[in-house]
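Undergrad: sequence and predicted model, in that order:
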Amino acid sequence: MRIATWNINNVNLRLPLLLAWLEATKPDVVALQELKSTTKDFPTRELEQAGYGALVVGQKTWNGVALLARDAEPIVVRRTLPGDLADRQARYVEAAIDGVIVTSIYAPNGNPWPGDKFAYKLAWFERLTRHAAELHASGHPVVLAGDYNVVPTPRDIYVSSSWNNNALIQPEARAGFEKLLKQGWTDSVRKQHPDEPMYSFWDYRRNRWERDAGLRIDHLLVGKSLKAKLRGAGVDRAVRAMEGASDHAPVWIELAM
């Protein structure tokens with residue numbers, strides 16, 4: 001079972017790239033983030049024609065998340081992250097797909113740091129941590145997939161001082177990610193590739209793609225029942241090199257199901 005996560009950075013604009021990638025790699029499940037599309041305007045018909053059912057929580061501007069399932073329809077579990085009824089940002093969706101609970105997470109960026117947006121980031125991450133603890137305790141097979149907007153450690157970012165004041169690498173954000181792992185989740189990509197950078201994001205500015213000045217911020221955490229089933233993981237870097245690409249590349253894992 002191949003499960004992927006991709007911050008698509010405008011699903012309608014990059015639909016041709018998405019369809020080509022789906023055809024080439026045939027993932028069973030895809031978590032998409034930063035749709036920049038309402039649910040109504042999401043390209044459901046085109047994806048159905050490509051063989052994928054979709055569960056969409058859309059929103060204009062920078063948000064919106066979705067889950068795609070090959071030859072199936074995702075069974076909705078949650079359309080929002082619990083813990084704050086006033087939060088209207090479309091950043092979380094959770095579904096059952098082929099016996100596995102999968103999320104699409106689009107954690108807040110948190111910039112500028114420090115400030116209200118960073119406080120929201122930490123509060124949102126704490127809500128995610130509480131819900132993740134419940135999912136982990138359930139014993140169900142779970143994959144927490146998405147754009148976490150956290151660089152877990154210094155080895156997950158190229159050597160540079162230009163990010164020192166960025167929310168993605170602040171100690172509090174990294175501590176939140178580490179707190180998740182301590183619940184018993186496995187960072188699949190790092191587990192499979194302990195020594196390689198495995199970047200998933202390259203900013204459009206300052207030729208960062210051309211210089212391979214990347215960050216690893218897109219993650220797939222697997223629960224205890226799936227850890228032994230992990231067979232592979234990777235980043236489809238070639239997609240980032242395509243004309244009109246997102247600034248993120250798809251990240252994927254293989255599970256022996």
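TA: Arrived safely, thanks for sending.

Undergrad: count the neighbours of the nearest residue to Asp71 once chain neighbours are set aside for me.
TA: The spatially closest residue to Asp71, leaving aside those adjacent along the chain, is Gly51, at 5.8 Å (CB to CB, 6 or more residues apart in numbering). Using the backbone N, CA and C atoms, a C-beta is placed for each residue, glycine as well. Gly51 is flanked by 14 other residues according to other CB atoms under 10 Å.

Undergrad: number of residues surrounding Tyr158?
TA: Tyr158: 17 surrounding residues under other CB under 10 Å.

Undergrad: for Asp203, see how far away the closest residue to it other than its chain neighbours is.
TA: The shortest distance from Tyr158 to any non-neighbouring residue, by CB to CB, 6+ apart, is to Ala213 (4.5 Å). With distances taken as CB to CB, to the nearest Å, Ala213 is found 8 Å from Asp203.

Undergrad: who has more neighbours, those two?
TA: Neighbour comparison, Ala213 and Asp203: the larger count goes to Ala213, with 19 against 14 (by other CB under 10 Å).

Undergrad: is it true that that one touches Trp202?
TA: Yes: the pair Ala213 and Trp202 qualifies as a contact (CB atoms under 8 Å) at a distance of 6.7 Å.

Undergrad: scan this structure for its longest helix.
TA: Longest helix in the chain by number of residues (criterion: DSSP state H): helix 116-138.

Undergrad: can you list contacts of that helix?
TA: 81-84, 87, 91-92, 101, 105, 107-112, 142, 144, 149-150, 167, 170, 172-173, 176-177, 179-180, 183-185, 221, 223-224 (CB atoms under 8 Å, 6 or more residues apart in numbering).
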